[in-house]
Structure formats: structure tokens, C-alpha cells
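Undergrad: Turn this into a structure:
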Amino acid sequence: MRIGVVTFPGTLDDRDALRAVRLAGGEGVPLWHADDDLLDVDAVVLPGGFSYGDYLRAGAISRFAPMMDRVADAARGGMPVLGICNGFQILCESHLLPGSMIKNAHRTFICRDQPLRVESTRTAWTTDFEQGQVIRVPLKNQDGQFVADRRTLDELEGEGRVVFRYVGGATHGPAGFEDNPNGSWNDIAGITNSYGNVVGLMPHPEHAVEPGFGPDEPGKATRTGTDGLGVFTSVLRSLVA
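TA: Sure, this is the predicted structure:
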């Protein structure tokens, strides 16, 4: 299966996402923001970074890229689309996902290994996880606080569209933010659209896909965490189901 990864000016994690796709067993296909051809990919990843320097708002300029018109059309047609960190911000700006991302409540950049609880396994990107499973992946952001009006929050919760939620166990966070790293409402780390094909999350599963290079695991002396790989194997499995 061919998984496209879009690069915008200021993208940082496109190569990491392409590598994660390869390690999961798929073919990673680079896509350029200024092009308008999806090159027959089966799914799309919008990776992390600081597209256009986060001017105006994070993701606000990238939302108008020609490639995003094609991605939006494909997403509305059912194609799986994943937005990671800046990609999540772009999905919100494109109205493919509800809510918005604003600056962290503590107003500082944060980088740490972050525990997440998998709240939904009914999306194209989470079928290989177990409901309630706690995974550990890196988190790095400055504009990572998810906010939405009360009606939207109630819809996300009531329809089971919260996909990942921040939980305890993280260290090295700002005082008062040990569990919820950025003040996101309802501890939301990732959400999906009503069809389950579009998912956005702030933490970075593509940085936890290879033994020896993932997050520290409690009680283990070496870095062995590969918890993020399930995001990419899930979409490959969903595409052939």
C-alpha cells in the first residue's frame, strides 16, 4: 500500500513518517505541498514541524496549499488521513477535524516521552491497538493545547471520537502539567472525524517505531519502545480489510 507524506515549508518530520511507513510494511510516497497530484496513494500523512514558521496560527497558511485541496477531497471520499502535531493543526484549520490548537497553557515548548491511553480502536489508524491500552510516544510542541466549544466537546465524547487521551506517568513537565502536558481540554491528545478515516494527534508515533530508538520504558535500561508503530500497521491493515 502507498502512503503519501506531505512536505510543507518548515516541515521537520516527513522523513521520520516515511521511515515509519516503510517499517510498518508500506511504501512511503513523498508529496510536495505545491503540487496537486496525490500520485495514486492509498492514505496520507501530514507530518509534524512548523509549516510556514507557524505565522498567523499554526497550520493556517498550509491549509491553503494546493495539495491540501486534493487531501481534503480524498478525505471526504473516505481516504485515511493522519495529522501528527503540525499536521493535526492543519487538519483543524482545514475543517477536516473540529476544534483548534492554541499555545500550551504554560506558554512554553515541551518535549518529553508521553503516555497516552487509546480511547478508540474504531479508526483506520488504531485497529491494531486494544481499547484502554496505554502507549508511550514522544511529544514535542508549543501550540498543542486542544480547545473547542462545549457542544463540540460533548459531541466528541458522546460519539466516541476521542482517540487518544493524556494520562499520568510522564516526567519532566512544567509544574502542574505532569499528566496533561499542554492544558488540552478533557485531556484530549487526538480525535477523529465521524467516519473514523481522519485522525489527528499531537504526540509523535513516528518517533517510536524502531527498537533501540523509542521512548524510555519504565523499568528497562534501554530504549525499546515501538508503541507508535501500531498507528501505521493499523492503516495498512484497514486498507486491505
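Undergrad: For the chain, give me the ranges with low pLDDT.
TA: 169-178, 216-224 (pLDDT under 70).
Undergrad: 90 instead, please
TA: Applying pLDDT under 90 to the chain flags the ranges 51-60, 63, 102-113, 141-144, 168-181, 183, 211-225, 240-241.
Undergrad: just the helices in it please.
TA: 14-24, 66-76, 86-93, 150-158, 229-240 (DSSP state H).
Undergrad: so which of these gets nearest residue 6?
TA: helix 66-76 (5.6 Å; C-beta to C-beta). All C-beta atoms are positioned from the backbone trio N, CA, C, and that covers glycine.
Undergrad: who's in contact with the closest one?
TA: Residues outside helix 66-76 that contact it (C-beta atoms under 8 Å, 6 or more residues apart in numbering): 6, 31-38, 44, 46, 62, 81, 90, 94, 96, 193, 197-198.
Undergrad: now with 7 Å?
TA: For helix 66-76, contacts defined as C-beta atoms under 7 Å, 6 or more residues apart in numbering pick out 6, 31-36, 38, 44, 62, 81, 94, 96, 197-198.
Undergrad: What are the buried residues along it?
TA: By neighbour count on 16 or more other C-beta atoms under 10 Å, the buried set for helix 66-76 is 67, 68, 70, 71, 72, 74, 75.
Undergrad: again with stretch 113-129
TA: 113-121, 123-129.
Undergrad: One more: stretch 10-20?
TA: So for stretch 10-20, counting by 16+ other C-beta under 10 Å, buried means 11, 13, 14, 16, 17, 18, 19, 20.
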